[in-house]
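> Pasting the sequence and the predicted model now:
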Amino acid sequence: MRKFVYHFNEGSKEMKYLLGGKGANLAEMTNIGLPVPPGFTITTEACKDYNEHHQYLSDDIYTEMMTHMEILEQETGKKFGDAENPLLISVRSGAPFSMPGMMDTILNLGLNDQSVQGLERVTQDARSSYDCYRRFIQMFGDVVFRIPGYRFEQALSDLKERKNYTLDTELTAADWQELIAVYKALYVSASGREFPQNPLEQLRLSITAVFDSWENPRAVVYRRLHHIDNQLGTAVNIQSMVFGNTGDTSGTGIAFTRNPSTGDNVFFGEYLLNAQGEDVVAGIRTPEPISHLEDTMPDVYQQLLDVAALLELHYLDMQDIEFTIEKGELFVLQTRNGKRTAQAAINIAVDLVHEGKISKDDAIMRIDTAQIDQLLHPSFDETSLANASVLATGLPASPGAATGQIYFNAEDAVTAAERGEKVILVRNETSPEDIEGMAKSVAILTAHGGMTSHAAVVARGMGKCCVAGCDAIAIDETKKTLQSATATLHEGDFLSLNGSTGNVYVDQIPLVETEIGGHFEELMGWVNETKKLVVRVNADSPNDLEVGLHFGAEGVGLCRTEHMFFQEDRIPYVRQMIIAESKEERLIALSHLKAMQKTDFAGIFRVANGKPVNIRLLDPPLHEFLPKTDADIAKLAQEIGKPADEIKQRVHDLAETNPMLGHRGCRLAITFPEIYMMQAEAIIESAIAIHDEGIAVYPEIMVPLVASREEIALIKKQLKEAIQTIFRKEQLVLPFDIGTMIEIPRACVTADEIAEEAQFFSFGTNDLTQLTFGFSRDDANKFLYAYQEQKILPTDPFQSIDQKGVGALVTTAVQRGRMTNPSLKMGVCGEHGGDPASIQFFHKLGLQYVSCSPYRIPIARIAAAQASILEEQQKVKI
Ligand code: ADP
Ligand code: MG
Ligand code: MG
């Protein structure tokens, strides 16, 4: 018979697919001797079985579970549902991947009108016993009967108001009993059913509710956002309760072995005295920093430090630990690899190498390239910041800076974001229902909750700026207002947040790019030692190139000359060149452009300082440059001294039905060879000028949109002649290469022929994807989402290379190219050059380099190093 239930001492951390992350780690902690309340795990296989059996828990699983309940009764010396000494349990969901707060947990299960009296007798504490009972009724109602949590909260706050209390801790046993009666009535009015008194019925309903919670909408959204497989299912953990709500020597908290925002190696966390589980996360009261525990309960604090050190050494990573203290005794309820900011991830990984706990390769593999994006996010412009006034200060829950318009619920936030606004979601506290709104916002502000509140944890995971627990402001979610001592803001007003300091500003503050600090440089040094792919930058200006070099670019992979042509002062000459009806006329325009281009190239060569610079000859869809309106035409007529009518006629003649498939790229040079010759001259003459300044230069001249050997052969001959003329005149020869962009399927399949003429190939994967699929780059987003939703395509092929189709063409081109030209240099300059999955593919193909936009460079470098490490690891396995 299949085994569906594992006692904690039967599992291990390796079993997370079967036991879920929580269950596997509870088992591991039990086995290494930590104080974990006993319990067992019902597997994810049981969840699948339940779903396959149309939401019915099979008799086999039920019977097996009951055997483990008996063992649990023996271990604890208590009996489930007993009126004398009742066993109370928690029913906790736990999927293979952590989905914080996404699914349901029920505490204190097993209580009913009789057993609560038993609990009271055993604990000699009526207040905490009835507190447990009302919590159970509330959670059970929420999770199992879907009675909205706020209806219970409302009943509680009504009672507090009536009794003139501010804190939950002020309620007496009698008050709780009064509330329990209200809660029970709520069951009947909201669901038409009584609160079930039979503990076995409570148990069965709770387990199936946890299985069902796998499919609840917020969990589904979370999985979509985090690319978690829908088929995995959740496990259910049944664990005997410990009580943090039994007075001031009890409490509950969350601790991180290192600071999850900065990565500093200091113990970090929060706790609440006289409280149970959810209270810290839900932000009901503002928790105390963990360091205070050292003053109040030094022994427990020391024990907690020991547990933290042990767990970190065991898992070799920063841990996020849940604990409860029951009358001075410490219990550990959960551990997992803690979520952290990108900066913290880098600092922790590097520190762990220094501490001798992990290898450099491990450190590199632990960096989540998607998260590194977060580091490259902007911060506030200093001068504007100096003039901004602080509205309030909350907790710095997730770093970064953001400015945007405020909305008071997830739905409004989503709508505004879809209108194109930058949105800051403002809530008293967030809950898992808000997840989509949080994802669509640039930042999150909450009035309640601490550093480990839902808002803080989720924002850090998403890499979003968050200020939490900002209690100096009052938020009215119904009226949609935010009130501080000095101002009242409404929906749509601007606010700026600094998630690193907790400051909230009324103004809109401009953002600037940030520096990456901490151990980043050291990590990137290891990356350079490890990676084989060279990473170049796509740069059209000296400024782009400077940013790229700052981030570690090793050359220019693509300099697009048409971007230079777009500048205001050049457009008339570009237009004159295009509409010229004779070669003479065109040469006049070209001589102006040549002077300008020489300055451009010189600027780039100077900054590149000897690194290769790949310059692509003109590749414009011509229509982009032509004057469109009559006014434009009249203006151009005046500028170049030509009748407007003639220009109009010429524009009309040049118009194309399908410009992207039209007279562009090297086709332009077939009809007007003087254009590319002018560019080649500008490149070589400026190279000579820079060489004369004593700076090394290495131009690579790239011919775009080549489909055949004959095209490149003809163009190369013309370019070489122009270049040789200059060399002869200057009595100087400089190294340079002439190669092609490979971006047409025909070029891939005839690459052996093209390689005989080309010194390099640079794969233009954007056009290659467009032409392979026949998807227009400019319009495909209108339907590609449906392709992804219906799983026709796994990802957007313009973002991550389609390995099967486009990738096969690239592979063919690489093989054929090498066949006839073994010294052929090959790289990628499309958007895919900055995409980690694509980079892994290009690494395997043995290309020499990838090229991407300046801010993607660190990501590309790390991805390239990860690709090398993965390859080595796979070799070892074989
Ligand atoms: P989540 O996955 O949302 O964190 P958990 O299953 O970890 O949900 O439980 C929610 C809260 O209840 C946590 O604070 C946890 O520490 C607490 N809790 C869970 N089981 C027990 C237990 N057996 N005794 C006391 N507290 C518990
Ligand atoms: Mg938990
Ligand atoms: Mg192209």
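Right, received. Where do you want to start? As the structure is a computational prediction, the values presented were derived from the model and not from experiment. Ligands and ions are numbered 1, 2, ... in the order given.
> I'd guess L232 is in a helix, am I close?
No: assigned with DSSP: H, G, I helix; E, B strand; the rest coil, L232 falls outside any helix and is coil.
> quick one: contacts for it?
Shown in contact with L232 (CB atoms under 8 Å, 6 or more residues apart in numbering): Y17, T44, A95, P96, F97. Every C-beta, even on glycine, is put in place using the N, C-alpha and C of the backbone.
> Please confirm that the first one is located within a strand.
No: inclusion of Y17 in a strand is not indicated when three-state DSSP is applied; the result is helix.
> Surely D796 forms part of a strand?
No: using three-state DSSP, the assignment for D796 is coil, not a strand.
> Okay, now the unreliable bits of the stretch 551-700 of the chain?
563, 566-568 (pLDDT under 70).
> just the helices in it please.
Secondary structure of the stretch 551-700 of the chain by DSSP state H, counting those that start in this stretch: the helices cover 561-565, 571-579, 583-608, 630-640, 644-654, 666-671, 673-692.
> try the stretch 151-300 of the chain
Under DSSP H, counting those that start in this stretch, the stretch 151-300 of the chain gives helices at 173-191, 199-213, 217-226, 278-282, 291-296, 298-315.
> what mean pLDDT would you report for the fifth one?
Okay, so that is helix 291-296. Averaging pLDDT along helix 291-296 yields 94.
> Contacts for it next, please.
G253, F267, Y271, L273, V300, Y301, L304.
> Could I get the buried residue list for that helix?
Residues L293 are the ones in helix 291-296 that count as buried (16 or more other CB atoms under 10 Å).
> Next: the last one.
Along helix 298-315, the positions that meet the burial threshold by neighbour count (16+ other CB under 10 Å) are V300, Y301, Q303, L304, L305, V307, A308, L310, L311, E312, Y315.
> For ligand 1, see how far away the third one is.
The one in question is Q303. The gap separating Q303 from ligand 1 is 17 Å, by CB to the nearest ligand atom, to the nearest Å.
> now I792
I792 is 35 Å from ligand 1, by CB to the nearest ligand atom.
> Please verify my assumption that Y187 contacts G141.
Yes: using CB atoms under 8 Å, Y187 makes contact with G141 at a distance of 6.0 Å.
> Assign a three-state SS to the residue nearest to F8 when sequence neighbours are not counted, would you?
Among residues not flanking F8 along the chain, T30 sits closest, at 4.1 Å (CB to CB, 6 or more residues apart in numbering). Three-state call for T30 (three-state DSSP): helix.
> How about the contacts made by T30?
The contact partners of T30, by CB under 8 Å, 6+ apart, come to F8, N9, V36, P38.
> What is the least confident helix or strand in this protein?
helix 278-282 (a mean of 72; mean pLDDT, DSSP states H and E).
> Would you mind naming what in the stretch 101-250 of the chain lies close to ligand 1?
By CB under 6 Å from any ligand atom, the residues of the stretch 101-250 of the chain that approach ligand 1 are G101, T105, L107, Q239, M241, V242.
> Please give the number of neighbouring residues around the fourth one.
The local packing of Q239 (other CB atoms under 10 Å) involves 25 other residues.
> Name the residues of this structure found near ligand 1, please.
Proximity of the chain to ligand 1, by CB under 6 Å from any ligand atom, involves residues 37, 90, 92, 101, 105, 107, 239, 241-242, 277-278, 322, 324, 333-334.
> how does it look with 8 Å?
Residues of the chain lying close to ligand 1 (CB under 8 Å from any ligand atom) are 22, 37, 39, 89-90, 92-94, 98-103, 105, 107, 237, 239-244, 252, 254, 276-278, 280-281, 322-324, 331, 333-334.
> Show me where the stretch 751-878 of the chain has its strands.
Assigned by DSSP state E, counting those that start in this stretch, the stretch 751-878 of the chain shows strands spanning 760-763, 825-828, 849-852.
> for the stretch 1-150 of the chain, same thing?
Along the stretch 1-150 of the chain, the stretches classed as strands by DSSP E, counting those that start in this stretch are 5-7, 39-42, 79-80, 86-87, 89-94, 105-109.
> Comparing those, which comes out most buried?
Highest mean neighbour count of the strands of the stretch 1-150 of the chain: strand 39-42, a mean of 28 (counted as mean count of other CB atoms under 10 Å).
> which residue packs closest to L87, ignoring adjacent ones?
Using CB to CB, 6+ apart and skipping residues adjacent in sequence, the residue nearest L87 is K78, 3.8 Å away.
> Please list the residues of this protein that sit near ligand 3.
Residues of the chain lying close to ligand 3 (CB under 5 Å from the ion) are E743, G764, D767.
> Give the burial count for the residue lying closest to the first one once chain neighbours are set aside, as a bare number.
With CB to CB, 6+ apart as the criterion, E743 has its nearest non-adjacent residue at 3.3 Å, and that residue is G764. Burial measure for G764: 27 neighbouring residues, criterion other CB under 10 Å.
> Touching, G764 and I742? I think so.
Yes: G764 lies in contact with I742 (CB under 8 Å); the separation is 6.7 Å.
> Name the nearest of the buried residues of helix 298-315 relative to R223.
Set against R223, the nearest of the buried residues of helix 298-315 by CB to CB is Y315 (24.0 Å).
> Please name the residues that touch that closest one.
Counted by CB under 8 Å, 6+ apart, Y315 has contacts K13, T335, N337.
> What does the pLDDT read for the last one?
pLDDT recorded at N337 is 94.
> Over to the one 10 residues further on?
According to the predicted model, the pLDDT of N347 comes to 97.
> how about the helices in the stretch 1-150 of the chain?
Under DSSP H, counting those that start in this stretch, the stretch 1-150 of the chain gives helices at 16-31, 44-52, 59-76, 115-123, 126-143, 149-163.
> in stretch 847-863, what counts as buried?
Under 16+ other CB under 10 Å, the buried positions of stretch 847-863 are 847, 849-863.
> hang on, I meant stretch 55-63
The neighbour-count check on stretch 55-63 (16+ other CB under 10 Å) flags L57, I61, Y62 as buried.
> Can you verify R336 is assigned to a strand?
Yes: the assignment for R336, made by three-state DSSP, places it in a strand.
> would you list the helices of the stretch 1-150 of the chain in CSV and tack on mean pLDDT?
What follows is these, written out as CSV (pLDDT from 0 to 100):
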stretch, mean pLDDT
helix 16-31, 97
helix 44-52, 93
helix 59-76, 96
helix 115-123, 94
helix 126-143, 94
helix 149-163, 92
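> quick one: contacts for the nearest residue in space to T67 that is not next to it in sequence?
Closest residue in space to T67, ignoring its immediate chain neighbours: V5 at 7.6 Å, by CB to CB, 6+ apart. The contact partners of V5, taken as CB under 8 Å, 6+ apart, are F40, T41, I42, T43, A46, I61, E64, M65, T67, H68.
> The fifth one: neighbouring residues, count only.
Same thing as A46. Other residues near A46 come to 28 when the count uses other CB under 10 Å.
> ok, now which ones touch it?
Per CB under 8 Å, 6+ apart, neighbours of A46: F4, V5, L57, I61, F211, A235, V236.
> change it to 6 Å
Residues near A46 by CB atoms under 6 Å, 6 or more residues apart in numbering: F4, I61.
> With the last one instead?
Contact analysis of H68 by CB under 6 Å, 6+ apart lists V5, H7, F40.
> Which part of the stretch 751-878 of the chain gets nearest to ligand 1, residue-wise?
Across the stretch 751-878 of the chain, no residue is closer to ligand 1 than E789, which sits at 28.7 Å (CB to the nearest ligand atom).
> residues near that residue, how many?
If you count neighbours by other CB under 10 Å, E789 ends up with 10.
> again, but for the one 5 residues further on
Each residue near P794 was counted by other CB under 10 Å, and the total is 13.
> same thing with R340?
If we define neighbours as other CB under 10 Å, then R340 has 26 of them.
> One more: E871?
14.
> Let's have the residues of the stretch 101-250 of the chain next to ligand 1 in TSV, adding pLDDT.
As requested, these are exported to TSV (pLDDT from 0 to 100):
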residue	pLDDT
G101	69
T105	89
L107	94
Q239	98
M241	96
V242	96
